[in-house]
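Engineer: Output the structure for:
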Amino acid sequence: MTAMNLQNLLTIIQPVLGYLLDPVEQVPVINQTTGPVWVIAGPGSGKTEVLVVRTLKLIFVDNINPKSIILTTFTEKAAKNLFDRIINYANEVFKQDPTLQTQIDLHSLRIGTLHSLCTDIMLEYKYPDYENFRLLDDIEQYLFIYEHSDLVRDNGTTYLNIWNNFDYLVEGWDSITESVGWNNRTRAPNRWRRERAAVSVFNRIVEDMIDLTLLRSQGGAWSSLADCYDNYVQSLEVHKRCDFAHLQKKFLGFLDTQLGNLFVNGDNSAVHSGLTHIMVDEYQDTNPIQEAIYLKLSENHHNLCVVGDDDQALYRFRGGTVDCMVNFDMACAQSWSIPTSQVAKMFLSVNYRSHPDIVSYYDFYINSFPAMNLNGARVANKLNLNSGGRITGNYPAFGYITGRTISLTAINFASFVTDLLANNIIQLPSQCVLLMRSVRESAYNAGPFAAALRDAGIQPYNPRSRTFLQQEEVMAALGAFISVVDPGLTALSSVGAPGIRHMVNNWVVEYQRLASSHPDLADYINQSQMFIAQQILVSFLGVNIQEILYRILAHDPFKSWEENDPERSYRFGKLTNIFEAYSSIPFPNVPGSNRGDLIISSTTPGEISFRWRQNFYRSLVGLLVSQGMSDPEDEEIICPVDRLPIMTVHQAKGLEFPFVFVYGLNRSASPDNSIVLEEQLSIFKQNQLGQTFTQLQIAEQDLIRFFYVAYSRTQYALIHLTPRAHLASNSTGYGYMGQDVRVFQQFIPNI
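Structural biologist: Next comes the predicted model:
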């Protein structure tokens, strides 16, 4: 290869980059390519660009084989963005020296989420413990546990000690039974509550690397839990299924095998080059088993670079723990027996995203809470943010909009956006975003704001409002399917769950409404019913549920909707995926079986198996009712340009918008189930590092980080939406900040 230094590389890619990298913070991170590197990257500090150029430096300057580099990030979309940038900049290098393109295979770079990389690598190396396994998505894991876990299947008293131990996981409102709490404590809670709780507990056992021997040694409920977990794992193995948590556990096991050693260390061949560098983006949302994987991958060369921001940790509810980011140096020292001084601690603290006043505001915010100043709450000796000065101007960069009620506040918000458009301050609604904790279109969440925007002639974009199952086309398609398999709703009437019955009845009514004006559809459903009515006992129909759904969708109005309306077409795609997921769940003790194949009853000819219909309602429909479903999203599009996005803060992570509106400052900190479960299991962790905080302190820290991420999405203006009642509350936005409301109102003008 042609000799090249970093300056040569930067000079070549500069025209595409469009700006000079910061020689004080960014270039040193790019240049530090040996040993453990701990990069604490504040919001808007250009960490993605730094990771991209660092990867190019390894390849073009250090002559590292791309196949020897692993680069992981949190989502497939982010991974694609990283790879696209790498290819884009590398093409500039290839223009300078075309011979390099024949020598370097950039497509051999291992870039993706850790889950996708684990899958690809184990399949590539034909790891016996993962060959021919089906990876369960979230829906499939719920359905599999519902059918195959003893802890969930038993509705008596066998595991009552476990449920008493985890009673907080089965409390609250249940949309299936339309009731609150676990009322009859002499028996296990209902199966749907057990299902949701089991998923949370089993995933946490794996991700937090709980010591099962220690768990079992405690006796009582803990020993029973260990047995139930083993039963679940055994069922996964029998049916060759693997959930996302156990995918990571299998990969960690793979690394300890001969095949894993070949992958990590190579054999001096082009096929097995071994690994030399590991880079991890969004490290603040890593969990303990992921940390163990990264440390194991890097144990021979220690070339592990982690990039993230502890102040932007958001995913505790998914098992992430900010402790991995805060204590990275100690983890390296413990795992590799090196002094912490060998870990290069580097900062990216210059913000290039936001107006200087906004940078000052959210930097002040994160530093002003006592909970964030506790030892171990944040990375030690963290630098304050500085503005890069790309956005300037002497104007009010932050403010708040209020009203006597939520609805009036929403109307004032919509009016303000209308004025921004009318005065050409923004050209498109998508230059704004409304960030909230919950985007369900209910009276106390996104509902009033979405309604106010529509009344003002601005269409909101809210795919995660969990209204998928209330969409006309989805309801009608499901109602048509139900009319085929359970025409008299006889199986539905036996399901003792009002939430399920109400939803299914609404689906059937919606189908009947459409059928009255679409005779071809009604005729197909009638013919299907007659065909089933002619079948003899215990005979297979020779058709599965996906085929029935496809045939329904081949009739108008579904066919026309699919051809002419992209949003409805996306929903049909999601619906077929849901049916495929249900079909894939095997029957207990029958490996290889397919639940999607329909069979006639063993007692009543001309009817689909009563038990099959009951199971369909209880498992799949029960899951849909309890979880709700969000609309499918096009990963290439953040938001259609003519609509205003309403997002959760989690959705907005990694994005930026000219105008950011934030609602929900009246929230107070209280420990959620993920915090309680994490603490309850913490005594059984295989590895204990870092400080211990109370549940309330953790809840405060998480809520503070939540709003910090929201504020730091802003480019030009940050605006709070605060009904007057919220201004008087001792909320995170006000009371915890140490700001008296009157002072706050002087600091941030009312718009």
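Engineer: The residue lying closest to V474 once chain neighbours are set aside: how many residues sit nearby?
Structural biologist: With sequence-adjacent residues excluded and distances taken as C-beta to C-beta, 6 or more residues apart in numbering, V474 is closest to R571, at 5.6 Å. (Each C-beta comes from the backbone N, C-alpha and C, glycine too.) By other C-beta atoms under 10 Å, 23 other residues sit near R571.
Engineer: what's the helix or strand for R571?
Structural biologist: For R571, the host element (DSSP states H and E) is helix 566-583.
Engineer: What is that helix packed up against?
Structural biologist: Applying 3 or more C-beta pairs under 8 Å, 6 or more residues apart in numbering; DSSP states H and E, we find helix 566-583 packed against helix 138-148, helix 472-485, helix 545-553, helix 558-564.
Engineer: Please tabulate the ones you listed in TSV and include distance to N327 as additional columns.
Structural biologist: Shown next, in TSV, are the helices and strands packed on helix 566-583 (distance: least, C-beta to C-beta, whole Å):
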stretch	distance to N327
helix 138-148	29
helix 472-485	46
helix 545-553	48
helix 558-564	51
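Engineer: closest one to M503 among these?
Structural biologist: With respect to M503, and counting by C-beta to C-beta, the nearest of these is helix 472-485 at 8.9 Å.
Engineer: Wait, M330 touches G690, no?
Structural biologist: Yes - using C-beta atoms under 8 Å, M330 makes contact with G690 at a distance of 7.4 Å.
Engineer: which residues does the residue nearest to V474 contact?
Structural biologist: The neighbourhood of R571, defined by C-beta atoms under 8 Å, 6 or more residues apart in numbering, consists of 468, 471, 473-474, 631-632.
Engineer: among the residues you listed, which two are most distant?
Structural biologist: Farthest pair in the contacts of R571, by C-beta to C-beta: E473 and P632, 12.6 Å.
Engineer: So for the two, which residue has more residues nearby?
Structural biologist: Neighbours per residue (other C-beta under 10 Å) separate E473 from P632, with E473 holding more: 21 against 17.
Engineer: ok, the more buried one touching E567?
Structural biologist: No - between E473 and E567 there is no contact under C-beta under 8 Å: 9.3 Å.
Engineer: gap between the nearest residue to T321 once chain neighbours are set aside and D243?
Structural biologist: Leaving aside its sequence neighbours, T321 sits nearest to N287 (C-beta to C-beta, 6+ apart; 5.8 Å). Per C-beta to C-beta, to the nearest Å, N287 is found 14 Å from D243.
Engineer: If we only consider the contacts of R571, which is nearest to G622?
Structural biologist: So of those, ranked by how close each gets to G622 (C-beta to C-beta), first place is F468, at 15.9 Å.
Engineer: related to what we said a few turns ago, C-alpha coordinates for the helix holding R571, CSV please?
Structural biologist: Extracted in CSV, the C-alpha atoms of helix 566-583 (Å, rounded to 0.1, in the frame of the first residue of the first chain):
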residue,chain,number,x,y,z
PRO,A,566,-47.7,3.8,1.2
GLU,A,567,-48.7,4.1,4.9
ARG,A,568,-51.4,1.5,4.6
SER,A,569,-49.1,-0.7,2.6
TYR,A,570,-46.5,-0.5,5.4
ARG,A,571,-49.2,-1.5,7.9
PHE,A,572,-50.2,-4.6,5.8
GLY,A,573,-46.5,-5.6,5.7
LYS,A,574,-46.3,-5.4,9.5
LEU,A,575,-49.6,-7.3,9.9
THR,A,576,-48.2,-10.2,7.7
ASN,A,577,-45.0,-10.2,9.8
ILE,A,578,-47.1,-10.5,13.0
PHE,A,579,-48.9,-13.5,11.5
GLU,A,580,-45.7,-15.1,10.5
ALA,A,581,-44.3,-14.6,14.0
TYR,A,582,-47.3,-16.4,15.5
SER,A,583,-47.1,-19.2,12.9
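Engineer: helices and strands around whichever helix or strand comes after it, which ones?
Structural biologist: Following helix 566-583 in sequence order, the next helix or strand is strand 597-599 (DSSP H and E). Helices and strands touching strand 597-599, by 3+ C-beta pairs under 8 Å, 6+ apart, are strand 540-544.
Engineer: The strand it packs on: which residues count as buried?
Structural biologist: 541, 544 (16 or more other C-beta atoms under 10 Å).
Engineer: Within the sheet, what are the partner strands of it, with directions?
Structural biologist: Counting by DSSP bridges, the strands paired with strand 540-544 are strand 597-599 (antiparallel).
Engineer: What lies in contact with the strand it pairs with?
Structural biologist: 485, 538-541, 543-545, 583, 608-609, 612.
Engineer: And those residues, which two are furthest apart?
Structural biologist: So, those by C-beta to C-beta: farthest apart are V538 and S583, at 19.9 Å.
Engineer: Longest helix of the chain, counting residues only.
Structural biologist: Identified as the longest helix of the chain according to DSSP state H is helix 76-96.
Engineer: Now do that one: everything it contacts.
Structural biologist: Under C-beta under 8 Å, 6+ apart, the answer for helix 76-96 is 9, 12-13, 15-17, 48-49, 51-53, 55-56, 59-60, 71-73, 100-101, 104, 106, 109, 111-113, 116, 281-282, 635, 654.
Engineer: Buried residues, stretch 530-538. List them.
Structural biologist: In stretch 530-538, counting by 16+ other C-beta under 10 Å, buried: 532, 535.
Engineer: oh, I was asking about stretch 122-135
Structural biologist: Buried, per 16+ other C-beta under 10 Å, within stretch 122-135: 122, 125, 127, 130, 133, 135.
Engineer: For that stretch, output the C-alpha coordinates as PDB.
Structural biologist: C-alpha atoms of stretch 122-135 as PDB (Å, rounded to 0.1, in the frame of the first residue of the first chain):
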ATOM      1  CA  MET A 122     -21.600 -17.500  14.600                       C
ATOM      2  CA  LEU A 123     -23.200 -18.500  11.300                       C
ATOM      3  CA  GLU A 124     -20.100 -17.700   9.400                       C
ATOM      4  CA  TYR A 125     -18.100 -20.000  11.600                       C
ATOM      5  CA  LYS A 126     -20.800 -22.600  11.700                       C
ATOM      6  CA  TYR A 127     -20.900 -22.600  15.500                       C
ATOM      7  CA  PRO A 128     -22.800 -25.900  16.400                       C
ATOM      8  CA  ASP A 129     -24.700 -24.300  19.300                       C
ATOM      9  CA  TYR A 130     -26.200 -21.700  17.000                       C
ATOM     10  CA  GLU A 131     -26.600 -23.500  13.700                       C
ATOM     11  CA  ASN A 132     -30.200 -23.900  12.500                       C
ATOM     12  CA  PHE A 133     -31.500 -21.700  15.400                       C
ATOM     13  CA  ARG A 134     -34.300 -19.200  14.800                       C
ATOM     14  CA  LEU A 135     -33.600 -15.800  16.400                       C
END
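Engineer: still on that earlier bit, would you write out the PyMOL command that picks the buried residues out of the contacts of helix 76-96?
Structural biologist: This is the PyMOL syntax for the buried subset of the contacts of helix 76-96, where burial follows 16+ other C-beta under 10 Å:
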select buried, resi 9+12+13+17+48+49+51+52+53+55+56+59+60+71+72+73+100+104+106+109+111+112+113+116+281+282+654
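Engineer: which residues in the stretch 301-450 of the chain form helices?
Structural biologist: For the stretch 301-450 of the chain, the helices defined by DSSP state H, counting those that start in this stretch occupy 323-326, 328-336, 356-367, 406-422, 447-455.
Engineer: deepest of the ones you listed, which one?
Structural biologist: helix 323-326 (a mean of 25; mean count of other C-beta atoms under 10 Å).
Engineer: Please compute how far it lies from its chain's middle.
Structural biologist: 19 Å (C-alpha atoms, centre = their mean, to the nearest Å).
Engineer: quick check: mean pLDDT across it?
Structural biologist: Across helix 323-326, pLDDT averages out at 96.
Engineer: ditto for stretch 367-375
Structural biologist: 93.
Engineer: again, but for stretch 40-51
Structural biologist: 96.
Engineer: Please state the offset of it from the chain centre?
Structural biologist: Using C-alpha atoms, centre = their mean, the offset of stretch 40-51 from its chain centre is 21 Å.
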